[in-house]
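Enquirer: just coords:
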């Protein structure tokens with residue numbers, strides 16, 4: 001409809017300009033006849049309906065038939081301006097009516113007379129038939145565009161509806177299925193590929209969750225089964241079992257059960273992404289405190305600590321990561337565990353360590369880990385065949401938790417080459433408060 005209004009306004013403007021040209025032309029013709037003394041009263045009709053000739057005293061000298069005996073249609077004159085056009089409302093033409101009046105000056109008998117010509121103002125709709133035609137055409141155009149847009153949109157969204165149906169079936173049946181990717185290289189094609197990538201990540205996450213649930217169930221079942229067997233043996237031969245003996249037999253399984261539950265709770269907190277307060281920590285002081293807390297370590301622990309290596313972190317989380325690494329090293333070391341804290345220069349290739357890195361190394365003198373197994377040990381409930389049995393202790397979650405803590409502090413935990421044993425390297429960004 002806005003287009004129809006604009007079109008009508010344009011047509012009215014052009015028609016008004018043409019009407020003004022006709023009024024001015026009529027003025028010029030009558031003025032020429034007045035100057036030549038060939039004018040008559042009443043003035044003969046032309047396609048311009050109303051014309052008057054007014055002398056300098058404001059008396060109507062000549063007029064068309066409809067204006068005979070009426071006062072001047074205007075009280076303005078052209079003077080030396082040539083032609084003047086004004087809109088006159090509620091004049092001699094009747095109330096609630098507006099006309100365009102054009103005036104031109106003419107010299108007669110030594111004085112200036114004025115010739116007026118008038119015609120009704122063209123309304124906004126110009127003409128009823130024209131308004132109806134434009135409005136009807138605009139309505140038909142709107143209907144045609146709407147229908148065409150609906151058809152095009154329907155054809156465009158058809159693959160989306162099909163994709164939605166496939167997703168509903170996948171959700172109800174099997175997440176291993178994928179939606180159909182259209183051959184056209186358009187936004188629908190990109191959307192289908194994005195949906196398939198999301199389904200792949202969902203399938204991988206669900207598979208990981210199933211494996212984790214199965215492993216956790218198996219790990220929890222082992223100490224529970226051991227305790228059940230010990231209690232059943234004690235019930236079968238109560239005279240041969242004492243409370244201290246039974247308690248001593250159950251405590252290792254209870255310790256293992258408690259360790260698994262604690263580690264599972266820690267993983268849930270880490271994966272929950274709960275925000276924690278962090279502050280600058282001295283890694284050397286942290287290592288010293290944790291080593292002093294260890295009572296009767298099974299292996300000798302040596303420390304090579306550089307003071308003043310500051311990181312931004314949560315003390316309890318970093319202490320837990322250090323404890324897990326040292327526990328792992330103690331289980332597999334032959335005689336000695338070495339802990340090193342040092343500072344490393346910045347790495348322009350890694351924005352995390354642009355301003356330097358704090359290095360915490362835990363090295364044991366055990367059999368070590370083969371390069372092809374260095375990532376495997378960070379998987380949950382993973383134990384290598386060599387010297388990593390359940391009898392050696394541990395829940396199988398310690399290294400996974402340590403890596404999660406490192407990554408939660410924008411750092412990394414890797415296993416790197418060493419002359420002997422396993423060398424775990426925890427790398428954290430240096431604190432901005434670090435002194436040069």
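Expert: Received it, and whenever you're ready, just let me know what you need. The model shown is predicted, which means the values in this text are computed figures rather than measured ones.

Enquirer: where in the protein is pLDDT low?
Expert: Residues of the chain meeting the criterion pLDDT under 70: 1, 39, 45-49, 79-81, 172-173, 215, 218, 271-276, 382-395, 432-436.

Enquirer: where exactly do the strands run in it?
Expert: Here the chain has its strands, by DSSP state E, at 50-54, 60-63, 83-89, 98-108, 111-120, 279-282, 300-305, 310-313, 336-344, 357-364, 412-416, 423-429.

Enquirer: what residues of the longest one count as buried?
Expert: Put plainly, it is strand 98-108. 99-106, 108 (16 or more other C-beta atoms under 10 Å). For glycine as for every other residue, the C-beta is placed from the backbone atoms N, C-alpha and C.

Enquirer: ok, these vs residue 168, which is closest?
Expert: Nearest to residue 168 among the buried residues of strand 98-108: residue 100, at 68.7 Å, using C-beta to C-beta.

Enquirer: quick revisit: any chance of the strands of the chain in CSV, plus distance to residue 228?
Expert: Formatted as CSV, the strands of the chain follow (distance: least, C-beta to C-beta, whole Å):
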stretch, distance to residue 228
strand 50-54, 118
strand 60-63, 125
strand 83-89, 107
strand 98-108, 106
strand 111-120, 108
strand 279-282, 44
strand 300-305, 37
strand 310-313, 42
strand 336-344, 36
strand 357-364, 35
strand 412-416, 37
strand 423-429, 36
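
Enquirer: for residue 177, find the nearest of these.
Expert: strand 412-416 (35.9 Å).

Enquirer: who are the packing partners of the closest one?
Expert: Where contact means 3 or more C-beta pairs under 8 Å, 6 or more residues apart in numbering; DSSP states H and E, strand 412-416 is packed against helix 398-408, strand 423-429.

Enquirer: ok and the last one relative to strand 357-364, angle-wise?
Expert: Angular relation of strand 423-429 and strand 357-364 on a 0 to 180 degree scale: 160 degrees, by axes from the mean of the first three to the mean of the last three C-alpha atoms, to 10 degrees.

Enquirer: strand partners of strand 423-429, parallel vs antiparallel please.
Expert: Using DSSP bridges, strand 423-429 pairs in its sheet with strand 357-364 (antiparallel), strand 412-416 (antiparallel).

Enquirer: show me the contact partners of the last one.
Expert: Read it as strand 412-416. By C-beta atoms under 8 Å, 6 or more residues apart in numbering, the list of residues contacting strand 412-416 from outside reads 321, 369, 374, 377-378, 399, 402-403, 406-407, 422-427.

Enquirer: same thing but 7 Å
Expert: With contact meaning C-beta atoms under 7 Å, 6 or more residues apart in numbering, strand 412-416 is reached by 369, 374, 402-403, 406, 422-427.

Enquirer: any idea which of those residues is closest to residue 122?
Expert: residue 406 (82.2 Å).

Enquirer: that closest one and residue 422, how far apart?
Expert: Here residue 406 is placed at a distance of 16 Å from residue 422 (C-beta to C-beta, to the nearest Å).

Enquirer: next one: residue 138
Expert: Counting by C-beta to C-beta - residue 138 and residue 422 are separated by 81 Å.

Enquirer: so these two - more neighbours on which side?
Expert: Neighbour count, other C-beta atoms under 10 Å: between residue 138 and residue 422, residue 422 has more, with 22 against 18.

Enquirer: domain parsing for the chain?
Expert: If you go by automatic domain parsing, the domain ranges for the chain are 2-120, 187-271, 278-429.

Enquirer: endpoints of the longest one, how far apart?
Expert: Translated: domain 278-429. The first and final residues of domain 278-429 sit 13 Å from each other (C-alpha to C-alpha, to the nearest Å).

Enquirer: quick check: nearest residue in space to residue 135, chain neighbours excluded?
Expert: Spatial nearest neighbour of residue 135, chain neighbours left out: residue 4 (5.5 Å); criterion: C-beta to C-beta, 6 or more residues apart in numbering.

Enquirer: ok, now which ones touch the one you found?
Expert: 134-135, 138.
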